[in-house]
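Novice: got a sequence here, can you model it:
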Amino acid sequence: QVQLVESGGGLVQAGGSLRLSCAASGLTFSRLGWFRQAPGKDRDFVAAINWSGGTTFYGDSVKGRFTISGDIGKNTVYLQMNSLKPEDTAAYYCAAARGYRGYALAGGYDYWGQGTQVTVSS
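Specialist: From the prediction side, this is the model:
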């Protein structure tokens, strides 16, 4: 059974930090990524990591503030979010890709988690 289980969301004040986790099971993948979606908006790319080699990619709005990392032994990807802003408020989704299609495109991923809510208060 394919599962991507996110955790770590919550409410934080602006300037604070959160760490999201996503545990993958029941699938093989080449890349894991994070996307986010605010109410009434499109799902936007946040970050991604190639599982072999560890190459990372970031959306422009989070560069320098967020860090994606992976634990191969646990099949888990993390998103460390620092200096959070109210505009980071969204549901955050973990995604897994079997191949190496566009890392910033939602269509480049084959499996999705249920999402975890991040709310940043001003």
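
Novice: list the contacts for the spatially most central residue of the chain?
Specialist: The residue at the geometric middle of the chain, judged as the C-alpha nearest the mean C-alpha position with C-alpha atoms, centre = their mean, is W34 (2.1 Å). For W34, the set of contacting residues under the criterion of C-beta atoms under 8 Å, 6 or more residues apart in numbering consists of L20, C22, V46, A47, A48, I68, V77, L79, Y92, Y93, C94, A95. C-betas here are computed from N, CA, C, even on glycine.

Novice: same question, Y58
Specialist: Contacts for Y58 (C-beta under 8 Å, 6+ apart) come out as V46, A47, F66, I68.

Novice: cool, N75 as well?
Specialist: With contacts taken as C-beta under 8 Å, 6+ apart, N75 has the following neighbours: A23, A24, S25.

Novice: ok, and the most crowded of those?
Specialist: The residue in the contacts of N75 with the most neighbours, by other C-beta atoms under 10 Å, is A24 (22 neighbours).
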